[in-house]
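> Here's a sequence, model it:
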Amino acid sequence: MCYAEGMWRIVLAVVLLLGGCADPCEGSQACLVMGRCVDSGEGCVVGSDEDCRASLDCVDHGACTRGSESWCVAASDGDCLGSVGCGDFGECWAADGECVGP
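Numbers count the residues shown, from 1 in each chain. You can find the predicted model right below:
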């Protein structure tokens with residue numbers, strides 16, 4: 001076996017061990033900010049509540065629940081209570097997918 005044949009086998013083994021090709025959305029700005037961490041083939045979309053909970057929109061605005069394939073929303077007052085918007089601006093209640101104040 002020549003060197004080149006051995007190298008492609010090593011590369012293939014590494015790819016298989018790491019789970020194949022990386023999702024282009026995972027780790028992207030859309031994922032970090034808005035929870036859009038899954039490649040739909042047409043763009044990055046929200047895959048789960050976990051994607052939303054890990055996003056900056058959850059931390060800042062209480063958008064911690066998957067509302068549709070494209071958006072994270074504030075589905076309950078609990079989503080809002082831990083947000084920066086609640087602490088800084090009194091936006092602690094969920095209404096129509098957003099955190100609102102008194």
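> Report the secondary structure element holding the spatially closest residue to C37 that is not a sequence neighbour.
Closest residue to C37 apart from its sequence neighbours, by C-beta to C-beta, 6 or more residues apart in numbering: C31 at 3.8 Å. Just so you know, the C-beta spots here come from the backbone N, C-alpha and C atoms, and that holds for glycine as well. Element membership for C31 (DSSP states H and E) is helix 29-34.
> does T65 really touch A75, like I thought?
Yes. In this structure, T65 is within contact of A75 by C-beta atoms under 8 Å, at 3.8 Å.
> need the helices for this protein, in chain order.
With helices called from DSSP state H, the chain shows them at 3-17, 29-34, 49-53, 56-61, 77-81, 84-89.
> Could you tell me the least trusted of those helices?
Mean pLDDT values for these show the minimum at helix 3-17, a mean of 41.
> check contacts around the residue lying closest to A94 once chain neighbours are set aside.
Nearest non-adjacent residue to A94, counting by C-beta to C-beta, 6+ apart: A74, 4.3 Å away. Shown in contact with A74 (C-beta atoms under 8 Å, 6 or more residues apart in numbering): 61-65, 80, 83, 94, 97-99.
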